[in-house]
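*Asks:* sequence isn't available, so here's the structure alone:
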């Protein structure tokens, strides 16, 4: 029973089980879940989402890896945590069409950093089990957030 729960958590209720690009699909599902949290609860809600999803990722990782191998593609709860980092402090208005450009940019930047793994992301991924699986996504989220925040600053001073 507990192992089934770990699989459900790790795959973000099955989002990671799609046969093509499970990380991208998991990121998209994460965004759809995180945007209402960001609008309704702001940074407090997003920090809570990061903490809870990070704890769940670490908890579920060992079993998912024992079942599917090291850092399995189906394991996407880490994408949820990373996407929550990207949304922190973004200038979201709560009006979806106004927020959409920032959301698209956040999604794309996160995916680029998560896939390419530059600036130490690849190295941090080699930490043991759940920590490594999670840490690379959190760092990808931080890098994407830095770029987005810098872009927002540049646009606001022009």
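*Replies:* Received the coordinates, thanks. Fair warning: this is a prediction, and the values are worked out from it, not measured in the lab.
*Asks:* for the protein, where's the lowest mean pLDDT among helices and strands?
*Replies:* When each helix and strand of the chain is scored by mean pLDDT, DSSP states H and E, helix 121-124 comes last, with a mean of 84.
*Asks:* what does that helix contact?
*Replies:* Contacts to helix 121-124, defined as CB atoms under 8 Å, 6 or more residues apart in numbering, come from residues 113-114, 132, 135-136, 139-140, 143. For glycine as for every other residue, the C-beta is placed from the backbone atoms N, C-alpha and C.
*Asks:* show me which pair in those is furthest apart.
*Replies:* Among those, the pair separated by the greatest distance (CB to CB) is 132 and 143, at 16.8 Å.
*Asks:* helices along the protein, start to end?
*Replies:* For the chain, the helices defined by DSSP state H occupy 2-10, 22-68, 77-87, 96-116, 121-124, 129-157.
*Asks:* can you check which of those gets nearest to residue 16?
*Replies:* With respect to residue 16, and counting by CB to CB, the nearest of the helices of the chain is helix 22-68 at 4.5 Å.
*Asks:* quick one: average pLDDT of the closest one?
*Replies:* The pLDDT scores in helix 22-68 average 95.
*Asks:* chain center to it, what's the gap?
*Replies:* Per CA atoms, centre = their mean, to the nearest Å, the displacement of helix 22-68 from the mean C-alpha position of its chain is 6 Å.
*Asks:* who's more crowded, residue 132 and residue 143?
*Replies:* Counted by other CB atoms under 10 Å, residue 132 and residue 143 do not tie: residue 143 has more neighbours, with 22 against 17.
*Asks:* I figured that one was touching residue 116, is that so?
*Replies:* No. Residue 143 lies out of contact with residue 116 (CB atoms under 8 Å); the separation is 10.2 Å.
*Asks:* how far does the least confident helix or strand of the chain sit from its chain's centre?
*Replies:* In terms of CA atoms, centre = their mean, the centre of helix 121-124 is set 16 Å apart from its chain centre.
*Asks:* got it, and stretch 63-72?
*Replies:* Averaging C-alpha positions (CA atoms, centre = their mean) puts stretch 63-72 19 Å from its chain's average.
*Asks:* same thing with stretch 123-130?
*Replies:* Relative to the chain's own centre, stretch 123-130 is displaced by 16 Å; criterion: CA atoms, centre = their mean.
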